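> Starting from these lines, generate the structure:
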Amino acid sequence: MKFSKALLSSLAVTALIPFFNPGLVSAQAKPGGRTLLYTSVPQELATRFGDAFMKTRPEIKVEIYRAGSTEIGTKLAAEREVGGIRADLLWLADAPVYYELKAKGELLAYISPEAKHIPADLKDPNGYFTAGRLINMIIAVNQEVVPLKDAPKAWKDFPDLGKKAVMGNPLYSGSNFVTVAVFVKQDGWGWFERARAKGVAIVRGNSEAASALAGKEFGIAMTLDYIVSGLIKKGAPLAIVWPAEGAISVPSPIAIIKGTKNPDASKAFVDYVLSKEGQQFLVTQEVIPVRGDVNPPKGQPSASQIKFLPIPYEWAAENAAAIRERFEKIMLQ
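Next up, the predicted model:
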């Protein structure tokens, strides 16, 4: 799995979402202080993960800015122009953004003692970023709308469900952008032209697609495995189909911004993300771990067992504007 250059978007930035007690954070913070995380991890999961970390390190207070990967890319670019990036930590689904930041000298090299447990192809050899979770774009099915036997077993058949099918918007979601790039690089724009002709719906992101699927608005969805697994755990009549061609498996790296005001707290957070304890916590949230010594969620494959399609990160980065423009013209106009 290879990372590459950054993929940025022009969407607006959402509000800062804290999951800490503001009264505990000040210029005279306790030893450990505060650290600010920019992330595309869904808010509920990010909150739970942050709470779990702060139980192990109560002297460190964490703040979160949560938005889609491409929105955060825009925010980073805007902050760069007005005094520098505010974040201490970055944890996104859009892996290529880390290469741009590294090239600009904006990442702090840090090889966590936990990084030795992460496969070499999921981390930067110099410690600038390390995958903290593995998210997989799959086909999800609401079995009360489309019987599992009738659901598509391959990506090529997904558009045939027409108005019963939904996917997220690559102008918002980094993982959806990567998926579009994979399809276009392999087969051109025919898949999307067929999807538009048959009426496949577009919603904002993967969480919205999965929620609409669970609500029986659609029969199938292109969305992320762990979101669907979480809904199944809550009783939704959903099922996951691992496409015959392969899933789009996207590493989600954690990195420290070089200008961090609290490197020790930021390093502690990275250590926790990569630790066995941190990875086991992610498993309780249905996320497939990146450590081989942590078992995946029940009924899910391990990272080494997943068949995945090759992702052309560098090509996607170089053609990002053209890909988004063409997608918008085909699917949204």
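
> Can you give me the buried ones in the helix-or-strand element of the chain with minimal mean pLDDT?
Across the helices and strands of the chain, mean pLDDT, DSSP states H and E gives its lowest value to helix 313-318, namely a mean of 80. Within helix 313-318, the residues scored as buried using 16 or more other C-beta atoms under 10 Å are 313, 316-317. In this view, the C-beta of every residue, glycine as well, is placed from N, C-alpha and C.

> what's the closest of these to Val145?
Ala316 (32.3 Å; C-beta to C-beta).

> Just to check, the closest one is in contact with Asn176?
No - assessed by C-beta atoms under 8 Å, Ala316 is found out of contact with Asn176, at 11.9 Å.

> any shared contact partners between those two?
Taking C-beta atoms under 8 Å, 6 or more residues apart in numbering as the contact criterion, Ala316 and Asn176 have no common neighbours.

> Once you drop chain neighbours, what's closest to Val41?
Trp91 (6.0 Å; C-beta to C-beta, 6 or more residues apart in numbering).

> which residues touch Leu92?
Going by C-beta under 8 Å, 6+ apart, Leu92 touches 38-40, 69, 72, 98, 174, 252-253.

> so how far is Ile60 from it?
As judged by C-beta to C-beta, to the nearest Å, Leu92 and Ile60 stand 21 Å apart.

> His117 now?
22 Å.

> Ok, Arg80 next?
For Arg80, the distance to Ile60 - C-beta to C-beta - is 26 Å.

> Who has more neighbours out of these two?
Just comparing Arg80 and Ile60: by other C-beta atoms under 10 Å the higher neighbour count belongs to Ile60, 23 against 13.

> give me phi/psi at the residue sitting nearest the centre point of the chain?
The centre of the chain sits closest to Ala93, judged by C-alpha atoms, centre = their mean, with a distance of 2.8 Å. Main-chain dihedrals, Ala93, degrees, to the nearest 10: phi -90, psi -20.

> Please, where are all the helices along the stretch 101-250 of the chain?
Remark: helices assigned in the stretch 101-250 of the chain by DSSP state H, counting those that start in this stretch are 174-187, 190-198, 206-214, 225-233.

> Check whether Val294 really touches Val283, as I assumed.
Yes - assessed by C-beta under 8 Å, Val294 is found in contact with Val283 at 6.3 Å.

> How far off centre is the lengthiest strand in the chain?
When the chain is parsed with DSSP state E, its longest strand is strand 130-142. Relative to the chain's own centre, strand 130-142 is displaced by 8 Å; criterion: C-alpha atoms, centre = their mean, to the nearest Å.

> what's the angle between it and helix 206-214?
Computed with axes from the mean of the first three to the mean of the last three C-alpha atoms, to 10 degrees, the direction of strand 130-142 lies at 20 degrees from that of helix 206-214.

> hang on, the earlier thing: generate JSON lines for the buried residues of helix 313-318, with distance to Asn206 as supplementary columns.
Shown next, in JSON lines, are the buried residues of helix 313-318 (distance: C-beta to C-beta, whole Å):
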{"residue": "Tyr313", "distance to Asn206": "19"}
{"residue": "Ala316", "distance to Asn206": "18"}
{"residue": "Ala317", "distance to Asn206": "21"}
